[in-house]
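Asks: from the sequence below, what's the structure:
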Amino acid sequence: MRFGENVTIDTAVCWLPTTRQSAASQVSDGVLSPAESAQSGVVEVPVAVEHAAPEMAVLAGRRALRQAGVAPTDVDVLFHSWTYHQGHDFWSPAHYVADGVGAVNAVPVGIAQMCHGGAMALHEAALHLCADPSARAALVTTGDRFQRPGFDRWTSDSHVAYGDGATAAVLSRSGRGLRLLAQTVRAAPDMESMYRGDDAFSPAPMEHSRPVDVRRTKKAFAAAGGMARFAELAPVAIGALVASALAQAGLAPGDRRVRHVLLPRLGPATLERTYLPALERQLPHATVHRPGARTGHLGSGDILANLAVVHSEALVAAGEVALLLSGGGGFTWSCTVVGRGTGPDGSAGDGAAPC
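Replies: This is a model prediction of the structure:
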């Protein structure tokens with residue numbers, strides 16, 4: 001979808017806890033083999049000791065609103081996304097985040113779309129601004145904390161390590177920051193059993209395994225031929241998304257205005273097999289970023305953390321464009337196109353600490 005000319009991402013920030021856990025320590029402790037450590041592509045991950053996931057989302061949201069110069073009471077809608085447990089079993093974390101940031105006039109909405117949730121929340125926020133001329137601002141937040149006994153950040157999944165943290169972005173029509181030019185989304189619902197395997201439906205959480213064991217469900221998915229189908233489908237789907245996103249943004253494959261592409265914070269094998277083929281064909285000149293070595297996979301927060309990198313490092317100048325790719329179990333993928341803001345000050349927005 002091509003968005004309105006004046007939909008802008010005023011700022012994007014990433015809030016990470018200061019405590020770190022290294023992959024090397026996991027190898028020395030016998031948790032990971034050297035080969036498994038290499039497969040994750042991670043040096044270290046942030047670990048939340050003091051804050052639950054929604055609490056971190058509140059901190060990220062406050063920082064984003066402050067940097068964007070937007071009053072919390074001017075936020076009309078808040079989309080909060082997550083991948084893993086939010087700290088309570090029967091509860092709305094989106095409302096907690098709205099209350100915590102002071103967005104008392106906002107309608108809080110939860111987006112549960114696995115690791116693609118942040119990208120989908122961004123999509124819905126932009127749609128809201130396009131559809132409602134009276135809307136002033138939208139806030140998007142994510143927050144995840146991958147902690148035992150429910151989840152092992154190093155071994156619950158394969159080819160990826162999970163980091164704790166939160167992200168936030170403010171969208172408006174201010175003309176400051178990054179223009180949200182286009183976003184294409186594509187789903188493959190027949191791939192949903194990758195994270196379900198052949199397990200029966202359980203009456204309560206954590207009855208199949210504790211901690212969560214994604215490796216088990218992926219083995220069942222592979223045994224049923226799912227991984228072979230996925231390996232064939234995913235690169236084709238992402239290639240089509242990139243081509244469509246470029247066209248909707250008024251760009252052609254090979255257009256040198258596309259300066260940067262930011263990938264999800266996943267292991268190198270996943271990126272090389274699934275995401276890079278399309279980029280090598282369509283955008284061989286663009287600089288490809290793999291920003292997750294010191295954060296790991298931030299769940300649904302990868303895309304907003306990558307937007308924070310675009311902001312804080314001022315990656316795009318006037319007339320330049322960056323692409324952000326995202327994906328999540330289910331399966332859903334997207335390609336988001338952002339360009340340099342066109343506000344009177346030419347600002348790219350305030351940045352956040354490196355993510």
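Asks: how distant is stretch 157-166 from the center of its chain?
Replies: Counting by Cα atoms, centre = their mean, to the nearest Å, stretch 157-166 is centred 12 Å from the centre of its parent chain.
Asks: only C-alpha atoms, please: export it in PDB.
Replies: Presented in PDB, the C-alpha positions along stretch 157-166 are these (Å, rounded to 0.1, in the frame of the first residue of the first chain):
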ATOM      1  CA  ASP A 157      14.400 -21.800  19.000                       C
ATOM      2  CA  SER A 158      17.000 -22.700  16.400                       C
ATOM      3  CA  HIS A 159      19.300 -20.300  14.500                       C
ATOM      4  CA  VAL A 160      18.300 -17.400  16.600                       C
ATOM      5  CA  ALA A 161      18.900 -15.900  20.100                       C
ATOM      6  CA  TYR A 162      16.300 -13.600  21.700                       C
ATOM      7  CA  GLY A 163      17.000 -10.300  23.400                       C
ATOM      8  CA  ASP A 164      14.800  -8.400  25.800                       C
ATOM      9  CA  GLY A 165      13.800  -4.800  25.100                       C
ATOM     10  CA  ALA A 166      11.100  -2.400  23.800                       C
END
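Asks: pretty sure D144 contacts G165?
Replies: Yes. Counting by Cβ atoms under 8 Å, D144 touches G165, with 7.2 Å between them. C-beta here means a position set from N, CA and C on the backbone, and glycine is covered the same way.
Asks: what's the overlap in contacts for these two?
Replies: 298, 301 (Cβ atoms under 8 Å, 6 or more residues apart in numbering).
Asks: run a quick neighbour tally on D152.
Replies: D152: 18 surrounding residues under other Cβ atoms under 10 Å.
Asks: need the contact list for it.
Replies: D152 is in contact with 146, 211-212, counting by Cβ under 8 Å, 6+ apart.
Asks: now P189
Replies: So P189 contacts 330-331 (Cβ under 8 Å, 6+ apart).
Asks: let's go with 7 Å and repeat that
Replies: By Cβ atoms under 7 Å, 6 or more residues apart in numbering, the contact set of P189 is G330.
Asks: for the closest residue to T295 other than its chain neighbours, which residues are in contact?
Replies: Closest residue in space to T295, ignoring its immediate chain neighbours: G163 at 4.6 Å, by Cβ to Cβ, 6 or more residues apart in numbering. With contact set as Cβ under 7 Å, 6+ apart, G163 has these partners: 45-46, 295-298.
Asks: recalculate using a threshold of 8 Å.
Replies: When the contact criterion is Cβ under 8 Å, 6+ apart, the partners of G163 are 16, 42, 45-47, 146, 153, 265, 292, 295-298.
Asks: turn the contacts of D152 into TSV, including neighbour count and distance to S81.
Replies: Putting the contacts of D152 into TSV (neighbours: other Cβ atoms under 10 Å; distance: Cβ to Cβ, whole Å) gives the following:
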residue	neighbour count	distance to S81
F146	28	15
P211	16	22
V212	21	18
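Asks: quick one: which of the residues you listed is nearest N105?
Replies: Closest to N105 out of the contacts of D152 is F146 (32.5 Å), distances taken as Cβ to Cβ.
Asks: was I right about that closest one contacting L298?
Replies: No. F146 is beyond contact range of L298, at 9.4 Å (criterion: Cβ under 8 Å).
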